[in-house]
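Undergrad: Next one to model:
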Amino acid sequence: MTCEEKYQQILERIREGGNICPIMYAVSVIGQKWKIPILWQLAKSDQPMRFSEIRKALKLTDAMLSKTLDELEGHGMIERIQYNCIPPKVEYKLSCKGTTLLPVLLALRDWGEEQIREESRHCEEK
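TA: Modelled structure (predicted):
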């Protein structure tokens, strides 16, 4: 299949979307600045992560991380696991719904890597 044929298939799928724009819905769920990096961090981890681990990995403020985690949990993208112990212990992991986003995250990563390579080649040619 040629690039043009793939493009035409994609356009047809977009036009079949109806009244609700699926892209706008997706952006409303994951479109804030730190949501994708948080989801990616949780996806890379083979076990649930504590708040402080996420904060340290991404260098976020407590307020921004807390707000973003709450939003992701509200959309069902992550699970918050609270342990009844002293001191309190809370961990986060991707939910089942969140794991369905993994192919999209991998595609974004691959696209980003390709663009970086292209820009690097472009700079070397100058």
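
Undergrad: For the helix or strand hosting Ile36, C-alpha coordinates in CSV please.
TA: Assigned by DSSP states H and E, Ile36 belongs to helix 35-44. Below are the C-alpha coordinates for helix 35-44, written out as CSV (Å, rounded to 0.1, in the frame of the first residue of the first chain):
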residue,chain,number,x,y,z
LYS,A,35,0.0,14.1,31.2
ILE,A,36,1.8,12.2,28.5
PRO,A,37,5.2,12.3,30.3
ILE,A,38,3.5,10.9,33.4
LEU,A,39,1.8,8.2,31.5
TRP,A,40,5.1,7.4,29.7
GLN,A,41,6.9,7.2,33.1
LEU,A,42,4.3,4.9,34.5
ALA,A,43,4.4,2.8,31.3
LYS,A,44,8.2,2.4,31.5
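
Undergrad: residue ranges for the strands of this structure, please.
TA: In the chain, strands defined by DSSP state E lie at 49-50, 78-83, 89-94, listed in chain order.

Undergrad: Not counting its neighbours along the chain, what's nearest the spatially most central residue of the chain?
TA: In the chain, the centroid-proximal residue (CA atoms, centre = their mean) is Ile36; its distance is 2.9 Å. Nearest in space to Ile36, with sequence neighbours left out and distances taken as CB to CB, 6 or more residues apart in numbering, is Ile30 at 5.8 Å. To be clear about C-beta, it is placed using only N, CA and C from the backbone, and glycine gets the same treatment.

Undergrad: correct me, but that neighbour touches Leu101?
TA: Yes - between Ile30 and Leu101 a contact is recorded at 7.2 Å, counting by CB atoms under 8 Å.

Undergrad: Spit out the residues that contact these two alike.
TA: Shared contacts of Ile30 and Leu101 (CB atoms under 8 Å, 6 or more residues apart in numbering): Leu39, Met77.

Undergrad: Understood, closing this out.
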